[in-house]
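S.K.: Predicted model, plus sequence, below.
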Amino acid sequence: MEARDLVLKGKEKSPLDPRPGFVFAPCPHELPCPQLTASKPLACSFSQAYHPIPFSWSKKPKEEKFSMVILARGSPEEANRWPRITQPVLKRPRHVHCHLCCPDGHMQHAVLTARRHGRDLYRCARVSSWGDLLPVTTPSELLPSPVEDPPES
């Protein structure tokens, strides 16, 4: 997050390339991270399964979480500004739940169905994984309101 902020504030200069930098991934925006401003801060990450070196006793696949930031030079308008899926997609019969980080800088929870949102978007969401972009140009049309943290009991 420090590298992201350094580039976005324009403090990082390159004598070879004067173009400003922007966040290419995972954020679909240059605003403060909504994941870090929540009541339970959690940096963007994704999960990756791998097979350990065969010298160990356990041959079962293991899973690790990774965080990343990809920075680019140029205009942010050149990049796709689709919402990114920030948690594993929850698949249920005839609908899926997606938690999205949207280009307007808010987290939103979407429940997508084939009947309401179209078969193509529903199937795309169903096969998407944590960290993928969801090809929706205006998530505000699909999603009624930003995600709010549930009250703690």
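M.R.: Cool, got the structure. Numbers count the residues shown, from 1 in each chain.

S.K.: in the longest helix belonging to the chain, what's buried?
M.R.: Secondary structure of the chain per DSSP state H: the longest helix is helix 119-127. By neighbour count on 16 or more other Cβ atoms under 10 Å, the buried set for helix 119-127 is 121-122, 124-125. Bear in mind the C-beta positions are built from the backbone N, C-alpha and C, glycine included.

S.K.: Need the residues you listed in CSV (columns: pLDDT and distance to residue 32).
M.R.: Shown next, in CSV, are the buried residues of helix 119-127 (pLDDT from 0 to 100; distance: Cβ to Cβ, whole Å):
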residue, pLDDT, distance to residue 32
121, 88, 28
122, 90, 31
124, 91, 28
125, 91, 26
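
S.K.: So what are the sheet partners of the host helix or strand of residue 23 and their directions?
M.R.: Under the criterion of DSSP states H and E, residue 23 resides in strand 21-25. Under the criterion DSSP bridges, strand 21-25 sits next to strand 70-73 (antiparallel) in its sheet.

S.K.: Mind checking what helix or strand follows the strand it pairs with in sequence?
M.R.: strand 84-85.

S.K.: Now do the strand holding residue 23, average pLDDT.
M.R.: Average pLDDT, strand 21-25: 75.

S.K.: Could you identify the helix or strand that succeeds that strand?
M.R.: strand 46-50.

S.K.: Find the least confident helix or strand in the chain, judged by mean pLDDT.
M.R.: Lowest by mean pLDDT, DSSP states H and E among the helices and strands of the chain is helix 139-142, with a mean of 54.
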